[in-house]
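>>> what's the 3D shape of this:
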Amino acid sequence: MRRRLSEAARALLSRSPRDQELVHLVRSLAARAFVPAASATLPRGPARTVRHALSKRSAEERAALASALVVLPDPTTDREGAVAALELLVLVPSESERAERLCDALEDSGEDVSLQRFMLTLGAFDPRAPLSPQDLLAIDAALERVSPERRAEAARRAACAALAHLAHDPRAPHGSAWLVPCRQGESVANTHLALARRPALRDELGPVARWLLAPDPALDAAHACDRQARGPADWERGSVLLAGALDAEDRARVLDVRAALIATRALPPHDAPRPPPLKTGLAQRLASLVSGEAAQAVVDAQALELLGDRHAAAKSWLEIGTAKDDLVALARAVALVAELPPGDRKALVDALRRDALTDEARLGDPDLRERARLLDRLEPDPWTAIRLAASAPADAWRSPELVTPPEAGPADSDPHHPDNRLAAASDLLAAAQLEPAANILASLLRKTDEHTPARLFTVLATALEAEEPPAELVHAAERALHDERRVVPLLEALRKAPSAAYALHEALIAFALDPSRADADRLLALEVWLGIWRATETAPDPDALRTLREDEPALLVAAALRLSGAPSLDRLARFLADHPPDATDPDAFSDALLALSLGR
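As a prediction, this is how the structure comes out:
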């Protein structure tokens, strides 16, 4: 009896909401526990206005409001009320049957309810369960039944519903979390940025991707900016437009996700792959290349690079890399890309490119990761840096917040630290106190187990430029030539200071003649030695060059060409053709070698 009285009272009140006596009667019944107090009043107005108002209420409030709606408004007498009631019932899953009946009644009266019918289809799926491919096809088929005027809105609502289901799916595609439903389920933010960062997301989302791209007048300006964005400045402009189009309740949530989506981060240190150093056979490979043999092996390209013929080396690395899909060769071609013509640069880009390079979910693969880095050097793309940073191994990063710098480093507190001792030697040299400076430098050179300051060999070269450098310092420098960790920086410093190299001229030619040394180091030592003669424009000693001239003439000529500043395989071939070592007078060969080093 009480239930029937309550239903009758609510029906009367819904029909005559302004009848004060009826309102008083219902309130009195409610006070006597006959009628539960209504949780809210059903909003009135256009369908969109009602829908927005109801979407802001909790599911419990909507359910309570629907239960209070005992008798549905008649569309023929109260169309506005019937539309508002339908918007409410569509949002309450347990009211789907009454919603269908009201849809039929409104449709008979000429109202377009295709969107509401579609929303009922969406509501039939369990919101906590993932959608199967068959479910997506069913939704897509239902979308086709929505009137053209309302299909775009229906597609956006379908996308929002699908994203809500994906939030509960552990197999959701990587990047789906960047797509944020907003505006009470009528829009999705960050669509174009998410698809730009991970294009593979489009295929993995299936029909959802098409729904995401439906026109959206509310976010059209932000979407247009994101669609044409080329970098951080455009992304920031899109963020401003998006913030202006969102309500306060959506703004912070959407922009936080967007900030993570476009966040740039410095990449961890990286060294491009390099082939193993060329230990032996440099002179033989150069001689073979001079004779016309094609550069087809890695050692040939290395030989050309050591010669200094960067153009020929770049072409060789490219040919090897493209023919064998050799990533190390392609990396060397990238390092020398400035030497390649436009056509070869395009070939290099094509050789590196892979479809998977834009998919950060696959950039954990070392080969793909290296290709992405190399390609980014040729065609810089802000998305590539973001993808590489996002896919970097966890141990590649060190958080600066977790590193506490020492109050005073060793170089600040210890006067015997190598950096401080080197600074003292430099000051002594500036004060023309050669002996104490030489003692410090010799001591630093002898301590092979300690940290070697970066400036050590520059200061050493300054000391060796003295008219008579101390014998102890010269001996320490000669010993450094036999230290694999120090030989290259020492020779590089001496190459820039030929007058300093004179103190080591006998050790340098001995090093160049030693076949146990790596050919690359021998070539550098020979270049330094020839630089001493070049500085004084004096022909090198023919007797000192006899072994090299007879056994490895290509190595000797290569060192002179490097000094000339214009090394090339063609010039090497011409010199050996004009001055065959076995048929040219040793003195004439030395004179020609000097002229070659001087660029004459």
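>>> and the host helix or strand of residue 371, C-alpha only, in CSV?
If you go by DSSP states H and E, residue 371 is part of helix 366-378. Extracted C-alpha coordinates of helix 366-378, given in CSV (Å, rounded to 0.1, in the frame of the first residue of the first chain):
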residue,chain,number,x,y,z
PRO,A,366,69.7,-2.6,-29.7
ASP,A,367,69.8,-2.6,-33.5
LEU,A,368,66.6,-0.5,-33.9
ARG,A,369,67.7,1.8,-31.2
GLU,A,370,71.1,2.5,-32.9
ARG,A,371,69.4,3.0,-36.2
ALA,A,372,67.0,5.5,-34.6
ARG,A,373,69.9,7.5,-33.2
LEU,A,374,71.8,7.5,-36.4
LEU,A,375,68.7,8.5,-38.4
ASP,A,376,68.1,11.3,-36.0
ARG,A,377,71.5,12.7,-36.7
LEU,A,378,70.7,12.8,-40.4
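>>> Now it: buried residues?
By neighbour count on 16 or more other CB atoms under 10 Å, the buried set for helix 366-378 is 368, 369, 370, 371, 372, 373, 374, 375, 376. From N, CA and C alone the C-beta is placed, and that goes for glycine too.
>>> One more: stretch 67-82?
In stretch 67-82, counting by 16+ other CB under 10 Å, buried: 68, 69, 72, 73, 75, 81, 82.
>>> do stretch 586-600 as well
589, 590, 591, 592, 593, 594, 596, 597.
>>> Tell me who's in contact with the residue nearest to the first one when sequence neighbours are not counted.
Spatial nearest neighbour of residue 589, excluding adjacent residues (CB to CB, 6 or more residues apart in numbering): residue 579 at 5.7 Å. Contacts of residue 579 were listed using CB atoms under 8 Å, 6 or more residues apart in numbering, and they are 588, 589, 592.
>>> Just give me how far the helix or strand hosting the last one sits from the chain centre.
Take DSSP H and E as the rule and residue 592 turns out to sit in helix 586-597. Mean C-alpha position of helix 586-597 versus that of the full chain (CA atoms, centre = their mean, to the nearest Å) differs by 52 Å.
>>> same question, stretch 68-76
58 Å.
>>> which residues sit in contact with residue 190?
Contacts of residue 190 by CB under 8 Å, 6+ apart are 178, 179, 180, 226, 254, 257, 258, 261.
>>> and the fifth one, backbone torsions?
Residue 254 adopts backbone torsions of phi -70, psi -40, taken as degrees, to the nearest 10.
>>> Assess the claim that it and residue 245 are in contact.
No - using CB atoms under 8 Å, residue 254 is not in contact with residue 245, being 9.8 Å away.
>>> how close does residue 540 sit to residue 583?
Separation of residue 540 from residue 583 (CB to CB, to the nearest Å): 19 Å.
>>> Of those two, which one has the most company?
A side-by-side neighbour count of residue 540 and residue 583, using other CB atoms under 10 Å, places residue 540 first with 23 against 7.
>>> So the more buried one is in contact with residue 596, correct?
No - Residue 540 is not in contact with residue 596 according to CB under 8 Å; the separation is 11.3 Å.
>>> Spatially central residue in this structure, please.
Centre of the chain computed as the mean C-alpha position; nearest residue by CA atoms, centre = their mean is residue 385, 1.9 Å away.
>>> For the helix or strand harbouring that one, give the mean pLDDT please.
Assigned by DSSP H and E, residue 385 belongs to helix 382-391. The predicted model assigns helix 382-391 a mean pLDDT of 90.
>>> centre of the chain versus that helix, how much separation?
2 Å.
>>> Residue numbering should commence at 129 henceforth.
Yes, from this point I'll number from 129; that puts the last item at helix 510-519.
>>> Which strands or helices does that helix pack on?
helix 319-325, helix 494-506 (3 or more CB pairs under 8 Å, 6 or more residues apart in numbering; DSSP states H and E).
>>> So which of those is nearest residue 283?
helix 319-325 (11.9 Å; CB to CB).
>>> And for the next helix or strand after that closest one, what's in contact with it?
Sequence order places helix 328-333 as the next helix or strand after helix 319-325, per DSSP H and E. For helix 328-333, the surrounding residues in contact (CB under 8 Å, 6+ apart) are 290, 301, 302, 303, 304, 322, 323, 337, 340, 486, 487, 489.
>>> now whichever helix or strand comes after helix 328-333: how far from the chain's centre is it?
Using DSSP H and E, the helix or strand that follows helix 328-333 in sequence is helix 335-340. Averaging C-alpha positions (CA atoms, centre = their mean) puts helix 335-340 26 Å from its chain's average.
>>> Tell me the buried residues in helix 335-340?
Buried, per 16+ other CB under 10 Å, within helix 335-340: 335, 336, 337, 339, 340.
>>> again with stretch 446-466
Here stretch 446-466 shows 446-450, 454-465 as buried, counting by 16+ other CB under 10 Å.
>>> Tell me the helix or strand right after the lowest-mean-pLDDT helix or strand in the chain.
The least trusted helix or strand in the chain, going by mean pLDDT, DSSP states H and E, turns out to be helix 538-541, with a mean of 52. Counting by DSSP H and E, the next helix or strand C-terminal to helix 538-541 is helix 546-558.
>>> which secondary structure elements does that following helix contact?
Going by 3+ CB pairs under 8 Å, 6+ apart, helix 546-558 lies up against helix 562-574, helix 584-592.
>>> which of those is buried the deepest?
Using mean count of other CB atoms under 10 Å, the stretch among these with the largest mean neighbour count is helix 584-592, at a mean of 23.
>>> quick one: buried residues of the helix or strand just after that one?
Per DSSP H and E, helix 584-592 leads on to helix 599-608 as the next helix or strand towards the C-terminus. For helix 599-608, a neighbour-count test (16+ other CB under 10 Å) marks 600, 601, 602, 604, 605, 606, 608 as buried.
>>> Over to stretch 175-190?
For stretch 175-190, by 16+ other CB under 10 Å, it's 175, 178, 179, 180, 181, 182, 185, 190.
>>> Thanks a lot, catch you later.
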